[in-house]
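Peer 1: Sequence and predicted structure, then a few things I'm wondering about:
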Amino acid sequence: MNVRVTESGSCRKILEIEIPADEVSREREGLVGEFQKFAHIPGFRIGKAPKQMIEKKFSRQIDEELQKKLIPQCYREALAKEKLHPVSYPELSDIELKQNSPLLFKATVDVAPEFDLPSYKGIDVKRKKANLPEEEIDQSLTVLREQQADFVDVVGREIKLGDYAIINYHGAVDGKPIGEISPAAKLLGENKNFWLLMGKDSFVPGFCDQLVGAKIADKREVNIEFPEKFFNKEVAGKKAKYEVEIVGIREKKLPELNDEFAKTLQLESVAQLREKIRENLEANFRRQSESDEKNQLVDVLLKQVKVEVPESLVQAQTRKNVYDLVRENQMRGASEEDLKSKKDQIFQFANESAKDHVKAQFILTKIAEKEGIKVEEKELEEHVTRLAENGKTTPEKLVKELEEGGGMGMIEEQILVSKTLDFLLANAKVTEVEPEKTKSEKTKK
């Protein structure tokens, strides 16, 4: 077998492979014999038709089987011969197969970039000192109380800001129901028994202010003007009239902060609850701090290594990044129109992030190889078990799904990268710095 390798960019190789005619003929002869065993040819018993007739009748199928067998086999042999380690599937082209001639084909493949590692031990890293003001614990306690709040009926007084008003409403623009103007905004135009938190900008700016002072069973006319940048473009900037009926008034009642409340959370006292919250906040701070420190390490390595990375991997990661960004923006309420208007910015950000991600993967993998960092079977099993528990499935089922989709290699790579970052952080030069002050701390000062 003859192999000629040419470069097409820094990380792309083109292999021109020639399989000798005698080897091709030998393989073809074997395939003809296999077809002969089972071929149905009129006038001949199965297995007795002449080979020339078999080869003529099934020439296309024989050529296809010949390529399926020889090309993958010779491609792997060519990689081993040239000591190439591809990071993508090959793109096959220029396949040429003729009778009594060599089999020729090209395989274009991306390979890992070649580069020298910089000094990666003793990298300067800034670590934020733990700073946990008591007000953060107080805020967490308030959140816990909010989660277990009761909503009680208000009797004998009017609506005020901060209440929950239960209302029926119907809105129109220029006398036409909003639901007809914009079917997608049907609930914006009409609803019953709707719980409205009475806040300055709740629902539509100015709406709640006009309900303050109303009582149960009251009916009010509310006139508003939708903002120019309102999420629904069909009513943005237009004036609307709402007919509103007050069905009920509810007030949120937080549970008392006492030992009884702590016991509902399986703790004995408020003091124990505060300590538990402190532990959780400190653990969260440590996780965020460690993540920030590892990002600092990666940033340093990215700046020190100048190398091009395989475009196929960048494209794949870019697609993933775009999908994640779009999904994240949709969850935040971004409309399809907004996303389309920002598609160029989204793609550019996703592409730049992809290049850094792929580059970092190669750097960290090379450091792992140099330091002998490996993923143990037990670590892989434990990681898969955790993933299975989170996904409410069994490890066996998850392993099967991952193996079918080629995901086990990705998980192993994630663990390897994580271990390498742990190694780098353990060997970094860490300096503690004061964390940035919170807004409340700046105000107090």
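Peer 2: The structure has been received and is ready for your questions. Numbers count the residues shown, from 1 in each chain.
Peer 1: Specify the residue ranges that define each domain of the protein.
Peer 2: What automatic domain parsing lists as the domains of the chain is 2-110, 150-253, 286-444.
Peer 1: Which one of those lies nearest to Gly122?
Peer 2: domain 286-444 (5.0 Å; Cβ to Cβ). No exception for glycine: its C-beta is placed from N, CA and C like everyone else's.
Peer 1: The closest one - what's its average pLDDT?
Peer 2: Across domain 286-444, the average pLDDT comes to 89.
Peer 1: Pull the distance from that domain to the chain's centre.
Peer 2: Taking the mean of its C-alpha atoms, domain 286-444 sits 9 Å from the chain's own mean (Cα atoms, centre = their mean, to the nearest Å).
Peer 1: any chance of the domains of the chain in a markdown table, with mean neighbour count too?
Peer 2: A markdown table is the format used below for the domains of the chain (neighbours: other Cβ atoms under 10 Å):
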| stretch | mean neighbour count |
| --- | --- |
| domain 2-110 | 15 |
| domain 150-253 | 15 |
| domain 286-444 | 14 |
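Peer 1: Show me where the stretch 1-150 of the chain has its strands.
Peer 2: According to DSSP state E, counting those that start in this stretch, the stretch 1-150 of the chain carries its strands in the segments 2-7, 12-19, 91-96, 103-110, 124-128, 150-153.
Peer 1: what's the closest of the domains of the chain to Ile277?
Peer 2: That would be domain 286-444 among these, by Cβ to Cβ, at 15.0 Å.
Peer 1: you'd agree Lys186 is up against Glu180?
Peer 2: No. Counting by Cβ atoms under 8 Å, Lys186 stays clear of Glu180, with 9.3 Å between them.
Peer 1: any shared contact partners between these two?
Peer 2: Counting by Cβ atoms under 8 Å, 6 or more residues apart in numbering, no residue touches both Lys186 and Glu180.
Peer 1: Restrict the host helix or strand of Phe194 to CA atoms and write it as CSV.
Peer 2: Counting by DSSP states H and E, the element that carries Phe194 is strand 190-197. Output of strand 190-197 as CSV, limited to C-alpha atoms (Å, rounded to 0.1, in the frame of the first residue of the first chain):
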residue,chain,number,x,y,z
GLU,A,190,-58.4,38.6,28.9
ASN,A,191,-58.2,36.4,32.0
LYS,A,192,-60.2,35.3,35.1
ASN,A,193,-59.2,34.7,38.7
PHE,A,194,-55.7,36.0,37.8
TRP,A,195,-53.3,36.5,40.7
LEU,A,196,-51.6,39.9,40.3
LEU,A,197,-48.8,41.0,42.6
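Peer 1: And the residue nearest to Arg12 when sequence neighbours are not counted, how close does it get to Lys303?
Peer 2: Leaving aside its sequence neighbours, Arg12 sits nearest to Asp110 (Cβ to Cβ, 6 or more residues apart in numbering; 5.5 Å). Between Asp110 and Lys303 the computed distance is 24 Å (Cβ to Cβ, to the nearest Å).
Peer 1: and the angle from the lengthiest helix in the chain to strand 124-128?
Peer 2: In the chain, with assignment by DSSP state H, the single longest helix is helix 270-304. Orientation of helix 270-304 against strand 124-128 (axes from the mean of the first three to the mean of the last three Cα atoms, to 10 degrees) gives an angle of 160 degrees.
Peer 1: can you start the count at 145 instead of 1 from here on
Peer 2: Okay, residue one is now 145; in that scheme the one you just asked about reads as helix 414-448.
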